[in-house]
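In: For reference, the sequence and a predicted model appear below.
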Amino acid sequence: VSASAQTQAVCALVCACKRAILITGTPSLQRPIDLWIQIDKLKPGLLGDTLRSFACEFCDPRWTAGGPDKRVSNNFLSFAGCHRPEELH
């Protein structure tokens, strides 16, 4: 089972529950992008309407060369950074 399938299954379960506590082994302080799905399932809309809007606001988006040959055509927008972390505390 893929990580994505597991996430979708857990998200469906959380949405069906009256109360939920989510825990993770991921150090979320390193990458705010990891927080959005977890928090959005507990309190929808708290961090913005979409993952992309949150990422553009708090994850310091940067165009990054992707793939082993770093060709321009493989560029993608990376949300691995952090911007304005004090607002997330």
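Out: Alright, I've got the coordinates.
In: Torsion angles phi and psi at the most centrally placed residue in the chain?
Out: Here the mean C-alpha position of the chain is nearest to the C-alpha of residue 33 (CA atoms, centre = their mean), at a distance of 3.2 Å. Backbone dihedrals for residue 33, given as degrees, to the nearest 10, come out at phi -60, psi -30.
In: That one contacts residue 60, doesn't it?
Out: No - taking CB atoms under 8 Å as the definition, residue 33 is not a contact partner of residue 60, at 10.0 Å. The way it works is simple: take the backbone N, C-alpha and C, and place the C-beta from them, glycine included.
In: what helices or strands is the helix ranked longest in the chain leaning on?
Out: As assigned by DSSP state H, the longest helix anywhere in the chain is helix 3-16. Other helices and strands packing on helix 3-16, by 3 or more CB pairs under 8 Å, 6 or more residues apart in numbering; DSSP states H and E, are helix 33-42.
In: Outside of the helix it packs on itself, list whatever touches it.
Out: 7, 11, 14-15, 20, 22, 24, 26, 28, 46-48, 51, 54-55, 59, 79-80, 88 (CB atoms under 8 Å, 6 or more residues apart in numbering).
In: Show the buried residues in those.
Out: 47, 54, 55, 59, 79 (16 or more other CB atoms under 10 Å).
In: how much space is there between the third one and residue 48?
Out: Counting by CB to CB, to the nearest Å, the gap between residue 55 and residue 48 amounts to 9 Å.
In: what do you get for the fourth one?
Out: According to CB to CB, residue 59 and residue 48 sit 11 Å apart.
In: can you check the last one too?
Out: Separation of residue 79 from residue 48 (CB to CB): 13 Å.
In: quick one, what contacts residue 5?
Out: Contacts of residue 5 (CB under 8 Å, 6+ apart): none.
In: Fine by me, we can end here.
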